[in-house]
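structure here, sequence nowhere to be found:
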């Protein structure tokens, strides 16, 4: 499951998701207001918050389909970053 | 479209002009490019602009409408009456559909974000070396573009954009705003525009292709026709508005792009207009 920072950033970019409604892993982000410019803003926010940079195949609108898909992508980068730091 | 009194009034006019119920067909429209969707967009923008006009105590200094929004700006500026524009929009959509059913069937327009100009230039240079046709259709911001190309080139282009740290967004068809569509411009001029007469705009219009200030009927006509073959260059339009002293822009209509990109937000105070918006302003532009 994702952390609180991710939850806050996601909600900031989902204008149609009520505050009292759960952010479900398979929520259709587009239906809840994440349009193309929202994706760009969210991308920058996530990179800044987690100190990472999304690259190559992850830079796709498909990555921003649901919270679960996005969090998996972020987790993969974070793990790779940690491993890279341990094994330079 | 349903609850706003101004939109309902415009919808009734559109129904009379078109000879069918716009709402019935709009609900069934499968794309944003159908004549139903485009007339509905025109109505929504104009209704909100009119609502904004009632709430202001001053007059706008100019107006602009990037891409399809140019047609809304033309009506708002008084260069063509609303019923005439409804007919023009419907006939242009049919004209474009006819054209693209036969021509450029393999051409699409790809939008990309977070791609610096230098990186895009490098990607396009590589395409040129491989003799792959391409044309920038929309310069939205310093790192936000739409590029037209053959469908066969899209996968490679998207991959190159991602490798440069950019984000490919959507692939669109029909394509628009390319010098390659000169025959479409001529077809639209001969078959559609020949039946319409424009007036000098009461309010200057900022052309979305180069930021020029359009003040004449001929200029309005040329601006709309040039939209087929000239790329949108929003940063130039922004600079032109600044040159006219604009400090605040009101966005009348669904705004998923131009009112939200950095080149707009860093230069102006941006006020989206919706049914709940009330506001006052001294110097503003309507987009």
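Here it is on my side, so go on. Keep in mind it's a predicted model, so treat the numbers as computed, not measured. Numbering: from 1, shown residues only, chains lettered A, B, ... in the order given.

if you skip the residues just before and after it, what's nearest to the closest residue to chain A within the stretch 151-287 of chain B?
Closest contact between the stretch 151-287 of chain B and chain A, by CB to the nearest CB, is at residue B:162 (4.3 Å). (C-beta placed from N, C-alpha, C; glycine too.) Using CB to CB, 6 or more residues apart in numbering or on different chains and skipping the chain neighbours, the partner closest in space to residue B:162 is residue A:59 (4.3 Å).

isn't the one you found right next to residue B:165, touching?
Yes: Residue A:59 sits in contact with residue B:165 when judged by CB atoms under 8 Å, with a separation of 7.4 Å.

tell me which of these two has more neighbours.
residue A:59 (24 against 16; other CB atoms under 10 Å in any protein chain shown).

so where do the strands sit in chain B?
For chain B, the strands defined by DSSP state E occupy B:62-64, B:107-113, B:134-141, B:144-150, B:167-172, B:205-206, B:213-214, B:232-233, B:248-252, B:269-273, B:284-286.

dump these to JSON lines, plus mean pLDDT and mean neighbour count.
Below are these laid out as JSON lines (pLDDT from 0 to 100; neighbours: other CB atoms under 10 Å in any protein chain shown):
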{"stretch": "strand B:62-64", "mean pLDDT": "95", "mean neighbour count": "27"}
{"stretch": "strand B:107-113", "mean pLDDT": "95", "mean neighbour count": "22"}
{"stretch": "strand B:134-141", "mean pLDDT": "96", "mean neighbour count": "22"}
{"stretch": "strand B:144-150", "mean pLDDT": "97", "mean neighbour count": "23"}
{"stretch": "strand B:167-172", "mean pLDDT": "93", "mean neighbour count": "19"}
{"stretch": "strand B:205-206", "mean pLDDT": "98", "mean neighbour count": "26"}
{"stretch": "strand B:213-214", "mean pLDDT": "98", "mean neighbour count": "20"}
{"stretch": "strand B:232-233", "mean pLDDT": "97", "mean neighbour count": "22"}
{"stretch": "strand B:248-252", "mean pLDDT": "91", "mean neighbour count": "24"}
{"stretch": "strand B:269-273", "mean pLDDT": "89", "mean neighbour count": "16"}
{"stretch": "strand B:284-286", "mean pLDDT": "59", "mean neighbour count": "26"}
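
would TSV of those strands with distance to residue B:196 be doable?
Listed next are the strands of chain B as TSV, based on distance: least, CB to CB, whole Å:
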stretch	distance to residue B:196
strand B:62-64	19
strand B:107-113	26
strand B:134-141	25
strand B:144-150	27
strand B:167-172	27
strand B:205-206	16
strand B:213-214	16
strand B:232-233	22
strand B:248-252	23
strand B:269-273	28
strand B:284-286	22
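
which stretches of chain B have low pLDDT?
B:1-2, B:57-58, B:274-287 (pLDDT under 70).

excluding chain neighbours, give the residue nearest to the residue nearest in space to the middle of it in space.
Centroid check for chain B by CA atoms, centre = their mean gives residue B:67 as the closest residue, at 1.9 Å. Of all residues not flanking residue B:67 in the chain, residue B:232 sits nearest, at 5.4 Å (CB to CB, 6+ apart).

now residue A:34
residue A:13 (5.6 Å).

tell me which residues touch residue B:27, please.
Residues near residue B:27 by CB atoms under 8 Å, 6 or more residues apart in numbering or on different chains: none.

now what about stretch B:237-246, what contacts it?
By CB under 8 Å, 6+ apart, stretch B:237-246 touches B:61-62, B:64, B:66, B:204, B:206-208, B:211-213, B:249, B:263-264, B:267-268, B:283-285.

give me the contact list for stretch A:48-62.
A:5, A:9, A:36, A:39, A:43, A:46-47, A:63, A:69, A:73-74, A:76-78, A:81, B:161-163, B:165-170.
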